[in-house]
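# the amino acid sequence is not available; the structure is as follows:
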């Protein structure tokens, strides 16, 4: 059995209806910061209306998003990073160009 001191070391997200939602708000803010950092690092307009051309002459328009939520992007895996636009999932390495439309 765990000692009470050990259980207090683990953080938790409180989703209770009594207004104790600070943990969730912090988690959402952390997710948004991670997306913004990824956008800057990759020079991509994540979360903005965009036009992407993929290899093979495929053009997509819509809001560019990460396919999977990530806290950080490993430099060795950037080419495999999955993105979504207009309901189509593709990898960073499949893009020929990307233009922010707003």
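In hand now; what should we look at? Model, not experiment: these values are computed from the prediction.
# flag the shaky bits of this protein, pLDDT-wise.
1-20, 70-75 (pLDDT under 70).
# next secondary structure after the longest helix out of those in it?
Assignment by DSSP state H gives helix 22-42 as the longest helix of the chain. Next in sequence after helix 22-42, counting helices and strands by DSSP states H and E, comes strand 49-54.
# for that following strand, buried residues please.
Within strand 49-54, the residues scored as buried using 16 or more other Cβ atoms under 10 Å are 50, 51, 52, 54. Using the backbone N, CA and C atoms, a C-beta is placed for each residue, glycine as well.
# quick one: list the elements packing against it.
If you count contacts as 3 or more Cβ pairs under 8 Å, 6 or more residues apart in numbering; DSSP states H and E, strand 49-54 packs onto strand 58-63, strand 82-85, strand 95-100.
# need the ones you listed in CSV with distance to residue 76, can you?
Conversion of the helices and strands packed on strand 49-54 to CSV gives the following (distance: least, Cβ to Cβ, whole Å):
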stretch, distance to residue 76
strand 58-63, 26
strand 82-85, 15
strand 95-100, 18
